[in-house]
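> coords please:
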Amino acid sequence: MVQPKSELKAVGACKRELQVELTAEEVTREFERVIDQYTRRAKVKGFRQGKAPRDVVKQMYESEIRETLVNNLAPQAIGNELAAHTAVPVNTPVIKDIAWDEGNPMRLTAEFEVWPEFTLPAYTKIKIERKEERVTPEDIEKSIEDLRERSAQYVPVEDRSIQQDDYVMAQIQGKDLQTRKLLPAEKIFVLVGHPDNEQELNQALPGMMINEEKNFRVDYPKEHKNKKVAGRGIDYHLKIISIKEKKLPAVDDGFAKDLGKFADLKELKEEIKRQLEEAQVQKQKGDLSSEVVQKVSDQVDVELPESVIQQETLAHLRRILQSLRQAPTKQEDRARLEEEAGRKARQTVKNHLVLMRIAEAEKLEVTEEEMTEEYKTLAKANNIPLAQVIDAMKRDDRKTEVRENLLLRKTIDFLLKNAIMK
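Have a look, this model is predicted:
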């Protein structure tokens, strides 16, 4: 069998162009086979299925036959030639040109991107600064206050008016000032003063008593997330049904015991201190890791594959939008977020590339034992059986992703171990 001819060209630091020529014999053989398939399945008026003349079928389904022919031949031919040239695409090759006339060779031109070649800078003895931080009594007290807030109870009150942080049930009904139509009446539960509430509601509630009624108006901006009221003025009628005040538990041994496993307040504070110190150690390691990777990466000036940048930009943009209470509606705000996502994406891809090249240079690898330990960690963190984690990794084909993440962490640990702490 005659092998296809091929030529690989660099058309940029990351872009490659592969030209493949398939022999006329191979293409003709496949062409005839495709026509046979269409002839057997074709429904042509005046002929029983499978009995229409080949020439008639060939003429009727010319474009479909040609497309099937290319789909049958191109992927394998391109894959074989990529392997022959030891080219590893970072994206799926895109066929940008096909030249073929019946009876002749078929010429295909495919474009794809690869990771760029570059020289690693010095990556050992990088100077980084360790910032010493200690857990203070104020830090412990803040954590206890957070626990008190989470343990707060809301107790009904009837002999006073609404105050900040009360939990109120009210009946509310709006009236569109444009159309004069009433909106449906509904019961709402409101934590007074919460930033998610409409500012006008937070201003109206304090001082009101049970069964008291009040009107207040909200002029909604055009970009408001609720499209039913966006750009409209709504006059609301409010009636208070019940008021509950927040009661925080006293900070004593009983409070510590109520939280579960603690004998007294002293033991609770010791556990809080231990957890805060552990969190500080992890944060410090994270800060040092970011610093050492950044200092190595900053020494590298390299063009990056645009297809990878685009994918990473979309991932960053999704995370940014998920962190916002409301997606931006103004074009300039959207453009700013996209620019921020693009900047973060380029840095992420560059850091990833540099770390993988260091791992390759240092011959760092992830063992099966390390993979098993990572699965155990994931199982414990998600409170699920180890077998379930392993099965999910196989089913979702995430084993490569886990191994790569472990390798990146191992490489960062190598950099930290060989850095100079100031």
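> Run through the strands of the chain in chain order.
5-10, 15-22, 94-99, 106-113, 127-128, 153-157, 167-176, 186-191, 213-219, 233-247, 420-421 (DSSP state E).
> Buried residues in stretch 373-380, which are they?
Neighbour counts over stretch 373-380 (16 or more other C-beta atoms under 10 Å) mark Glu374, Tyr375, Leu378, Ala379 as buried. Using the backbone N, CA and C atoms, a C-beta is placed for each residue, glycine as well.
> same thing with stretch 288-308?
For stretch 288-308, the neighbour count (16+ other C-beta under 10 Å) marks 288-289, 291-293, 295-297, 300, 304-305, 307-308 as buried.
> out of those residues, who's nearest Arg357?
Nearest to Arg357 out of the buried residues of stretch 288-308 is Val300 (C-beta to C-beta; 9.0 Å).
> Relative to Ile128, how far out is the closest one?
Applying C-beta to C-beta, to the nearest Å, the value for Val300 to Ile128 is 17 Å.
> cool, and Asp165?
44 Å.
> now swap in Glu200 and tell me
50 Å.
> Check Ile95 too.
47 Å.
> go on, Asp252?
Asp252 sits 44 Å away from Ile128, going by C-beta to C-beta.
> between the two, who's got more neighbours?
Neighbours per residue (other C-beta atoms under 10 Å) separate Asp252 from Ile128, with Ile128 holding more: 18 against 11.
> can you pull the contacts of the more buried one?
For Ile128, the contact set (C-beta atoms under 8 Å, 6 or more residues apart in numbering) comprises Leu288, Glu291, Val292, Lys295, Leu416, Ala419, Ile420, Met421, Lys422.
> Not counting its neighbours along the chain, what's nearest the fourth one?
Counting by C-beta to C-beta, 6 or more residues apart in numbering, Lys295 lies nearest to Ile126, which is 5.1 Å off, once chain neighbours are set aside.
> looking at it, that neighbour is touching Gln294, isn't it?
No: Ile126 lies out of contact with Gln294 (C-beta atoms under 8 Å); the separation is 9.8 Å.
> How many residues are close by Gln164?
Neighbours of Gln164 using other C-beta under 10 Å come to 12.
> Compute the number of surrounding residues for the nearest residue to it once chain neighbours are set aside.
Excluding its sequence neighbours, the residue lying closest to Gln164 (C-beta to C-beta, 6+ apart) is Gly193, at 4.6 Å. Neighbour count of Gly193, defined by other C-beta under 10 Å: 16.
> Same check on Asn215?
Asn215 - counted by other C-beta under 10 Å - has 10 other residues nearby.
> can I assume it is in contact with Met208?
No: using C-beta under 8 Å, Asn215 is not in contact with Met208; the gap is 11.9 Å.
> list residues touching both of the two?
Shared contacts of Asn215 and Met208, defined by C-beta under 8 Å, 6+ apart, are found at Leu238.
> Which of the buried residues of stretch 288-308 fall in helices?
Leu288, Ser289, Glu291, Val292, Val293, Lys295, Val296, Ser297, Ser307, Val308 (DSSP state H).
> what residues are up against the residue nearest the centre of the chain?
The centroid of the chain falls nearest to Ala315 when counting by C-alpha atoms, centre = their mean (4.4 Å). Taking C-beta under 8 Å, 6+ apart, we find Ala315 in contact with Ala345.
> Also Ala99?
Taking C-beta under 8 Å, 6+ apart, we find Ala99 in contact with Met106, Arg107.
> Bridged to it, which residues?
Taking DSSP bridges as the rule, Ala99 bridges to Arg107.
> what's the spacing between the residue of the chain most remote from its centre and Lys5?
Relative to the centre of the chain, the most outlying C-alpha is that of Gly46, 56.5 Å out, by C-alpha atoms, centre = their mean. Distance of Gly46 to Lys5, given as C-beta to C-beta: 44 Å.
> which of the contacts of Ile128 lies closest to Glu245?
Leu288 (46.2 Å).
> Surely the closest one and Leu416 touch.
Yes: Leu288 lies in contact with Leu416 (C-beta under 8 Å); the separation is 6.0 Å.
> Pull out the buried residues from stretch 251-265.
Those buried within stretch 251-265 under the rule 16+ other C-beta under 10 Å are Val251, Phe255, Ala256, Phe262, Leu265.
> What of stretch 172-190?
Quick answer for stretch 172-190 (16+ other C-beta under 10 Å): Ile172, Gly174, Lys175, Val190.
> Nearest to Ala87, out of those residues: which one, please.
The shortest gap between Ala87 and any of the buried residues of stretch 172-190 belongs to Val190, at 62.0 Å (C-beta to C-beta).
> Tell me which residues touch the closest one, please.
Tyr167, Val168, Met169, Ala170, Asn197, Leu201, Leu205.
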